[in-house]
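J.: model the structure of this input:
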Amino acid sequence: GLVDGNVIRVLARLRCIGGEVGSSVVTDMMWRLVGEVVDRERPGDFNQAMMELGAVVCTPRTPRCDECPVRGICGALDQEKVEDIEDCGLCLKKDEYQEELGILNYPRKGKKTASRSEVTLVAVLSSVVDGVQQFVMVQRPKT
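T.: Predicted structure coming up:
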């Protein structure tokens, strides 16, 4: 994936990419977008600027859109409604868009899987032989 979450967030908001950022469709699109806009002579400057924009202005919870140098081309800021279109893997589905969140609808992160709970039984035997304490542990074979 892209190196920095700030870059993903900025691009997702600029282009209204509402698909889950971890999906291959979204990742491929992000790489294409970066390839289109990066200055080939100074790619490091572009990367640094995008990371800085995401870290300082286009933040996850409190974006400062009024201070954003690219607000004029920001699709998420300009978006007034979400069209009901077929699922392309990039677009935010109409039933998932929350109007009160506005720009915070982007980017979409996948649902986290619940932690797995596991119970393990361990038996440890110990004895003292000739003044030295010894331990025996046996792992149960996989069933």
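
J.: ok but residue 135 is inside a strand, no?
T.: Yes: judged by DSSP: H, G, I helix; E, B strand; the rest coil, residue 135 forms part of a strand.

J.: could you find the closest non-adjacent residue to it?
T.: Leaving out its chain neighbours, the residue that sits closest to residue 135 by Cβ to Cβ, 6 or more residues apart in numbering is residue 126, at 5.0 Å. From N, CA and C alone the C-beta is placed, and that goes for glycine too.

J.: the closest residue to residue 25 other than its chain neighbours: what's it in contact with?
T.: Leaving aside its chain neighbours, residue 25 sits nearest to residue 89 (3.7 Å; criterion: Cβ to Cβ, 6+ apart). Shown in contact with residue 89 (Cβ atoms under 8 Å, 6 or more residues apart in numbering): 19, 23, 25, 26.

J.: between those residues, which sits nearest residue 56?
T.: residue 26 (23.7 Å; Cβ to Cβ).
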